[in-house]
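Student: need coordinates for the below:
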Amino acid sequence: MRPGRTLCASLEEIAGLVALEPGVLGVEVAGPDTWGAPEPHLVAYATREAGSTVAQRAKAIAAGFGVAVTCEIAHHEGDDYLDAWKAFHPPLWCGRTRSLLVQPSWLAPPTEPPPTTVILDPGRAFGTGRHASTRLCLDWIADRARPFPRTVLDLGCGSGVLAIAASLRFGAEVEAVDADPDAVATTRENAAANHAPLRAFAADVASAPPGPFDCVLANIRPDVLVPNATAILDRVREGGVAVLSGILTEEADRVRRTYEAAGARTHAAAERDGWTLVEAHRPARAPR
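Tutor: The predicted structure follows:
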């Protein structure tokens, strides 16, 4: 395994390469902090004909990361396949006090529901909340103390899970943007299903609403966060915060230096499975 990397973080990279193999229809990475799996593992969905070849390639790819793996092949047909897929999406409890729950629609609500529940089915847009970087943001929303932000911008909304969670938990006015029109459509559908009164539309960072917002959520990779630091901070009101995720732990210092150079006060607020969440606070102007 590469120095400084957790097994789950390495599996994310392995999954990205396995997904490119012929016959692979999709991949999932599971672990104790994602789907409650007993140990980190990767599931690749492939055509029946490609199964054996994909298993061999997965071993070879993992070996390149210094990870030794064993592979099992299981065949599923029709509804049996769907039931197996659903088994990888149990309820996701977020926050130190488990005050936020994300779960798919096919599961019954818990007997003692938390203050905030987001119903979210895996769909065509990225983001079921189970990736470590998204979990960091959900935990931040769940654990945020009052006063809650009154206005929130979600940059790169994907499925809308963060925007919906912020809308329901904070009672905030939320705007969500993504460069992918499919993500915007999915966010609108999921928001309607959760009765979350947010607005979502297609835009990149440069054309996102100017705000300013009490909170900007940006679960985006540093290749977008770093060159757009000024544009993102410009959308944060004085005294507000940009919540930056999608950052590998070894990249956090570079992101922090960039945002501090743009005038923010930063700190690494949380870490999970090799990913780090950075808070970038825009200082309030001193009264005259």
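Student: okay, and for the stretch 51-200 of the chain, where does confidence drop off?
Tutor: Along the stretch 51-200 of the chain, the parts satisfying pLDDT under 70 run over 76-89, 122-128.
Student: in the stretch 1-150 of the chain, which spans are helices?
Tutor: Assigned by DSSP state H, counting those that start in this stretch, the stretch 1-150 of the chain shows helices spanning 7-18, 51-64, 78-86, 132-143.
Student: domain ranges for this structure?
Tutor: 7-86, 92-281 (automatic domain parsing).
Student: which of those sits most buried?
Tutor: Of all those, domain 92-281 carries the top mean neighbour count, a mean of 20, counting by mean count of other Cβ atoms under 10 Å. No exception for glycine: its C-beta is placed from N, CA and C like everyone else's.
Student: which element is Ala270 on?
Tutor: Per DSSP states H and E, Ala270 falls inside strand 265-272.
Student: ok, that strand: who's next to it in the sheet?
Tutor: strand 275-281 (antiparallel) (DSSP bridges).
Student: what's the closest of the helices of the stretch 1-150 of the chain to Thr117?
Tutor: Shortest distance between Thr117 and those, using Cβ to Cβ, is found for helix 132-143: 11.4 Å.
Student: so which elements touch the helix or strand that comes right after that closest one?
Tutor: Following helix 132-143 in sequence order, the next helix or strand is strand 151-155 (DSSP H and E). Where contact means 3 or more Cβ pairs under 8 Å, 6 or more residues apart in numbering; DSSP states H and E, strand 151-155 is packed against helix 161-170, strand 173-178, strand 213-219.
Student: and strand 151-155 with helix 132-143, angle?
Tutor: The directions of strand 151-155 and helix 132-143 differ by 170 degrees, with axes from the mean of the first three to the mean of the last three Cα atoms, to 10 degrees as the criterion.
Student: just the angle for strand 151-155 relative to helix 161-170, thanks.
Tutor: 170 degrees.
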